[in-house]
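> just to be clear, the model below is a prediction. Sequence and coordinates:
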4 protein chains.
Amino acid sequence: MNANTKGLFLLIKSEYDIQFRLIQPTPMVALLHLHPSVESTLAVIDGIENTDRLKVEQIGPNIEAPVEIPIDDYLDSFGNRCSRFVAPAGIVRLSGTNIIVSDGYPELQGFNLPAIPVEELPADTLQFLLASRYCEVDRFGGIAQDLFGHLGTGWGLAAAIRDWVHEKVVFDYKMARATKTAMDVFTERIGVCRDYQHLAVTLSRCMNIPARYVTGYIGDIRVPFSGPGDFSAWYQVWLGGRWWDMDARHNYPRIGRILMATGRDAADVAITTSFGRAELTRFYVETYEIDADLRPVPLPPKPGPPITAPTT
Amino acid sequence: MNANTKGLFLLIKSEYDIQFRLIQPTPMVALLHLHPSVESTLAVIDGIENTDRLKVEQIGPNIEAPVEIPIDDYLDSFGNRCSRFVAPAGIVRLSGTNIIVSDGYPELQGFNLPAIPVEELPADTLQFLLASRYCEVDRFGGIAQDLFGHLGTGWGLAAAIRDWVHEKVVFDYKMARATKTAMDVFTERIGVCRDYQHLAVTLSRCMNIPARYVTGYIGDIRVPFSGPGDFSAWYQVWLGGRWWDMDARHNYPRIGRILMATGRDAADVAITTSFGRAELTRFYVETYEIDADLRPVPLPPKPGPPITAPTT
Amino acid sequence: MNANTKGLFLLIKSEYDIQFRLIQPTPMVALLHLHPSVESTLAVIDGIENTDRLKVEQIGPNIEAPVEIPIDDYLDSFGNRCSRFVAPAGIVRLSGTNIIVSDGYPELQGFNLPAIPVEELPADTLQFLLASRYCEVDRFGGIAQDLFGHLGTGWGLAAAIRDWVHEKVVFDYKMARATKTAMDVFTERIGVCRDYQHLAVTLSRCMNIPARYVTGYIGDIRVPFSGPGDFSAWYQVWLGGRWWDMDARHNYPRIGRILMATGRDAADVAITTSFGRAELTRFYVETYEIDADLRPVPLPPKPGPPITAPTT
Amino acid sequence: MNANTKGLFLLIKSEYDIQFRLIQPTPMVALLHLHPSVESTLAVIDGIENTDRLKVEQIGPNIEAPVEIPIDDYLDSFGNRCSRFVAPAGIVRLSGTNIIVSDGYPELQGFNLPAIPVEELPADTLQFLLASRYCEVDRFGGIAQDLFGHLGTGWGLAAAIRDWVHEKVVFDYKMARATKTAMDVFTERIGVCRDYQHLAVTLSRCMNIPARYVTGYIGDIRVPFSGPGDFSAWYQVWLGGRWWDMDARHNYPRIGRILMATGRDAADVAITTSFGRAELTRFYVETYEIDADLRPVPLPPKPGPPITAPTT
């Protein structure tokens, strides 16, 4: 173990195994790497290759041993590390593992940060004020003014938007759909994590706060078990000279958000994109804390019913 | 005059004067420059500053002489040259002029170019296969297959899409609106140049042809007068290792398309974006051929009724 | 003149002349009659046939004298008097005139009427709580609760909805379009009279107030000239055992609303519906007060600038 | 048993039990009756009350014996028999049973029926040419012409539309949603039975064929078991002077369609509408053939794999 796991620092392991059945060779793009900005948190561990490598293999049917498929990596215009390859017909597995060192703190909060006038925003944040596929900024102008026009500025406003979305939208895994936009979320008031963030991103942009969509890992780290793992989505707002994590779905500070990709919305950062028909046959993602011996750290129990002292 | 105006070469002058009334200081972004890739075509003319400069001035009310406003330029993620400034309250004028040397040919046609498999596309063209604000690629999959699934590949397919849109959509200046998407165009079948291109771009992407939206100047160059000038929109498809101009509105080769900006759709390349209320009070754009003495070249007459020889 | 024009009573004349160019015989349906419930207000005037008759005539091209086209009348499921006919190819004119006796009062206001529980609503009002083409009640539930959930009940709530729409939407004749729904109005905040009413109707239904869309005449009656005439749209809410006129566009009591048709929204009560291509070539509608000699009553002048007494 | 069950005639029993949990007394409307036009098919059976009665009862919590809730019936503007009542807080059950006599034939087919010109359509069918909430006729004009403009007329055209929808849309129970319109179905190409019918209804209307939406029972009658029961949706087109059943989902003639309600689309004929929050806690519907002793008739087995004669 390297020294940087001492003190507050903790180790978080992520792993995924995603499989598709393809009827013909199919070009694919995957955004399954850590974001370049967090590659430096990869733990250095003796005897373990911990390079966040994506492995793509043909594993069936009638394959004796998995056949690895060559991959090309590139950076997209948002700076995300993307992988492209031609998946052969049959069963194809995309898998990977990484262990990062977390500082053990929930994400920082920028309480009281003032608004940044548009004219002082860095040029490369301006694109995150514009309308995009799932964020119809051009249709939400009046709505955003009605809801938030008198609700402060800066961090306070950004947090008010996040909290409003969190309160109004109900989570329902079954109500996900690929074409759901912020306007759909606003009217239907139900959805999955991506939907919460699209609505919050859109409203933030309407109020001139640059906001970008994020995909990454959020495991159950030092919180009770919450169900099977998945990639997660949150968003970031630009205030006080940096991007701040916000999450209209899991609306409380979390330990161990791990950034994979950022973009204008989910259209930019799909985990996988297939240029042809691809049937998803397996989807496994888990993120969990490990100890210095690389064994999973047990999660705290769910809070039980309150215990009252006997009254005699 | 410099030598490069000889032979087939011709000079094209563009000029614009756009004015807004603002009730308070308002940050603005303008995409009013030539695209960096065509700056080299700016004519070198003795005694004339021909630098494609954008001038922003406060000209009213109660202003004795125009007051020039400072501008910052930056490149956006698509490589467009953008200008930002804070427009003061009052009447503000954005104006500029440029003269470029055109080779005098209509845009090239890539007849017979074959399709490029997705896996062979350059990484930076892949974003132009994705859904964007006004191009709902994710909603047009079945529709595009129905219409074009059996209509060839490569240039032939790209041209079939362009021609279909050209034939099905009716031009009506009054039917423009800011939120109109490709799906709206597909159902309403009416719109302005931007609408034609959004639909064609979307269908092209569905068929795995990278397509990007373009803004620029198209003047009446060696064609009869067609009405007051405006900025125009067209689009480009990636085939055979380069981008090719296509135009589902003015669906024939033109002399003198002058590229200003490219993006995924109109959301990326708005001519001006105001972060606050701005009332457009004047909008003048003209593009026309000039001769070596910098005087406008008269346009050919509109074709009159056919003249028949007298029969005796 | 009959006696009922004395006292407060006044006479209102409406007339229309609508023309189409048709390339082939085309079935049409027109809702150009007074609503059966107001036929009793037709003035009885000696020597004048005042029967609200619709005349459909072929008037061109190359027609010496107008040729009248036979019409069938029927009542639709909402009780509106509809006319159907097959318009011949050429130029076709739909025209009519009627004179009604108005009581001279602006429409009644139901101030302080309490809400009616759904279970006490008459069965035939329940359909006016449902979603319809341009009134997406099923998408506005959360929005209506956010905006009006704490804003009273009954008349107060109904008026709050009407006033909110009136305040938020900007009139612009150029922003009309046939497919514009209440959600489009809510997001774009701009439109024509039909758009105001669709949004108000939708929000009223969401709050369990039956609301139906109305077409009719609203002339400049004892108010200054407001521009060329047109058919108008308003809406009605059910409270206190009857329907009450409301108008989110002309949001003040008016003399001389004349009911033509009611329905769930504009899809039910289009003035004319053509089953085939029809080019509108003339559209004239006027409604104005006439005196006992049937001459137009001059309108009051527009208020001029305030006149201040000279200060010496 | 009465005589009319002999010969080809067969008995079909339908039964339902639908339960809601309500937090407060809630007005509801239910369309759970047979359509008045098919009430005459209710079997007359000695000793059995077979009146298609809807029973609404409060059954929990803490209820010793079910408490029956009074119901008011009314006919809506489409002629459907509707029931309204105020469901009390707690658990409420809607249940009923009916036995009808079917002629044992699959629904009739109107092969070769010619188109009916709009001008010859009965007045009360014209409303089924108009746009409605889930059938955006006004957005499908060009699309319908592209797809079906050259595909015959009358029954042939109607069947071509039905077949096209059947072929293009994929059934997926999980992809149902309350706000899904014909345009959503056209773009997403996936849905449940109501979605198939909405798209087919819309396209039929665009081609001037009156089409209305139907709810009813379709059990597994003399066909293999296809899964748990549900209410079903189909649609009807007007040709040759009557309405004909069509079904873009179960696109083959069926024995035993039992009509419950018709309307312009699903907005008109929701099985239940709650004016307040209602949590569905049980949903049971079954329709099956019974014999003269009122015992269920076993279904034919699903076809097994083909059996080949042994080759020796």
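Sure, I can see it.

> what does chain A put close to chain B?
Listed as neighbours of chain B in chain A under the rule CB under 8 Å from any CB of the partner chain: A:27, A:29, A:72, A:74, A:76-78, A:82, A:84-86, A:117-119, A:123-124, A:126-127, A:129-133, A:135-136, A:138-139, A:178-179, A:208, A:267-268, A:273, A:275. Every residue, glycine included, has its C-beta placed from N, CA and C.

> repeat that with 6 Å
A:27, A:74, A:77, A:86, A:118-119, A:123, A:130-133, A:138-139, A:178-179, A:208, A:267, A:275 (CB under 6 Å from any CB of the partner chain).

> these two touch, right, residue A:41 and residue A:103?
No - counting by CB atoms under 6 Å, residue A:41 stays clear of residue A:103, with 8.8 Å between them.

> looking at these two, which is more packed in?
Ranked by neighbour count (other CB atoms under 10 Å in any protein chain shown), residue A:41 and residue A:103 place residue A:41 first, with 18 against 13.

> so the closest residue to the more buried one other than its chain neighbours, which of the three states?
Excluding the flanking residues, the one nearest residue A:41 by CB to CB, 6 or more residues apart in numbering or on different chains is residue A:100, at 4.4 Å. With DSSP: H, G, I helix; E, B strand; the rest coil as the basis, residue A:100 sits in strand.

> so what's the residue count around the residue of the stretch 51-200 of chain A found nearest chain D?
Nearest to chain D in the stretch 51-200 of chain A, going by CB to the nearest CB, is residue A:174, at a distance of 6.3 Å. If you count neighbours by other CB under 10 Å, residue A:174 ends up with 11.

> from the residues of chain A next to chain B, which would you call buried?
A:27, A:86, A:118, A:130, A:131, A:132, A:133, A:138, A:139, A:208, A:267, A:275 (16 or more other CB atoms under 10 Å in any protein chain shown).

> list phi and psi for the fifth one.
So the one you mean is residue A:131. phi -70, psi 150 (degrees, to the nearest 10).

> tell me the spacing between it and residue B:156.
Residue A:131 sits 33 Å away from residue B:156, going by CB to CB, to the nearest Å.

> the residue nearest to residue A:41 against residue A:12, yeah?
Yes - using CB under 6 Å, residue A:100 is in contact with residue A:12, at 5.5 Å.

> what pLDDT does the residue in the stretch 201-312 of chain A positioned nearest to chain D get?
Here the residue of the stretch 201-312 of chain A nearest chain D is residue A:277; by CB to the nearest CB that distance is 12.3 Å. According to the prediction, residue A:277 has pLDDT 93.

> tell me, how many residues neighbour the residue nearest to residue A:41?
Neighbours of residue A:100 (other CB under 10 Å): 22.

> hey, what's it bridged with?
Counting by DSSP bridges, residue A:100 forms beta bridges with residue A:12, residue A:42.

> list the contacts for it?
Residue A:100 makes contact with A:12, A:41, A:42, according to CB atoms under 6 Å, 6 or more residues apart in numbering or on different chains.

> that one and residue A:140, how far apart?
36 Å.

> ranges for the strands of the stretch 151-300 of chain A?
Under the criterion DSSP state E, counting those that start in this stretch, the stretch 151-300 of chain A carries strands at the ranges A:170-171, A:190-191, A:211-218, A:231-239, A:242-246, A:257-263, A:272-274, A:279-290.

> the longest one vs chain D: in contact?
No - counting by CB under 6 Å from any CB, chain D has no neighbours in strand A:279-290; the shortest distance is 12.9 Å.

> centre of the chain to that strand, how far?
Put simply, strand A:279-290 sits 14 Å off its chain's centre (CA atoms, centre = their mean, to the nearest Å).

> please, which helix or strand holds the nearest residue to residue A:123 once chain neighbours are set aside?
Among residues not flanking residue A:123 along the chain, residue B:74 sits closest, at 3.7 Å (CB to CB, 6+ apart). Assignment of secondary structure by DSSP states H and E places residue B:74 within strand B:72-75.

> please enumerate residues in contact with that strand?
A:123, B:82, B:83, B:84.

> need the max-distance pair from those.
A:123 and B:83 (10.5 Å; CB to CB).

> does stretch A:134-149 come close to chain C?
Yes - Stretch A:134-149 reaches chain C (CB under 6 Å from any CB) through A:139, A:142.

> mind checking the end-to-end distance for that stretch?
The straight-line separation of the ends of stretch A:134-149 (CA to CA, to the nearest Å) is 22 Å.

> buried residues of it, list them for me.
When burial is assessed from 16+ other CB under 10 Å, stretch A:134-149 yields the following buried residues: A:134-140, A:142-144, A:146-148.

> so which residues of the stretch 101-250 of chain A form helices?
Assigned by DSSP state H, counting those that start in this stretch, the helices in the stretch 101-250 of chain A fall at A:141-148, A:154-168, A:182-188, A:193-206.

> list the buried ones in the shortest one?
Within helix A:182-188, the residues that count as buried by 16+ other CB under 10 Å are A:182, A:183, A:184, A:185, A:186, A:187, A:188.

> next, find the distance separating the residue nearest to residue A:41 from residue D:77.
Taking CB to CB, one finds residue A:100 at 64 Å from residue D:77.
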